[in-house]
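1. Next one to model:
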Amino acid sequence: MQEHSFKLGDGSLFETPAPGGRYTAFFEDDRETGYFYALDLSHSDDQILDAVLIYNVAEVTDREMDSTARIVWSPDGTKCALLINYYVHAVFDFSAQRGYCRTNFPNFPDQSKGGWDQSDHTWSDDAMQWLASVDQS
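-> Numbering: from 1, shown residues only. Below is the predicted model:
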């Protein structure tokens, strides 16, 4: 499992593809915010299916500390989670075409992208239950 070390607000980008290669996810810290993106590489035009806010740098009290991030995939490559400092911040479920994040932002009412629901990113602990069976070493 590949880990990425970074400091919040320093600008960072990393990507981890799913097993099988159709999907990928990436995390971006653009110096002001941290976002997690879900992509479908089989789309030739707009590959981004969803994006969720992880943090606003100015609002994080311990932003000067070093952080470690990783993207963990389910063995079948249909679910992924973003962990920062071993804490799950967001999950994408490509089969259910839905993202979950602890900030529940952004939400775009009445919008979907190819069936992917972008109107609600409400957190659910059920969305990360699959992680318990994944080897994260």
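2. Check which element follows the lowest-mean-pLDDT helix or strand in the chain along the chain.
-> Of all the helices and strands that make up the chain, strand 112-113 has the lowest average by mean pLDDT, DSSP states H and E, namely a mean of 64. In the C-terminal direction, the helix or strand that comes right after strand 112-113 (DSSP states H and E) is strand 116-117.
3. Show residues contacting that next one.
-> Contact partners of strand 116-117, identified using Cβ atoms under 8 Å, 6 or more residues apart in numbering, comprise Ala38, Leu49, Asp50, Gln97, Arg98. From N, CA and C alone the C-beta is placed, and that goes for glycine too.
4. can you rerun that using 6 Å?
-> Contacts made with strand 116-117 from outside it, assessed by Cβ atoms under 6 Å, 6 or more residues apart in numbering, are listed as Leu49, Asp50, Gln97, Arg98.
5. got TSV for the residues you listed, with distance to Ser124 and neighbour count too?
-> As requested, the contacts of strand 116-117 are arranged in TSV below (distance: Cβ to Cβ, whole Å; neighbours: other Cβ atoms under 10 Å):
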residue	distance to Ser124	neighbour count
Leu49	18	23
Asp50	15	25
Gln97	15	18
Arg98	9	22
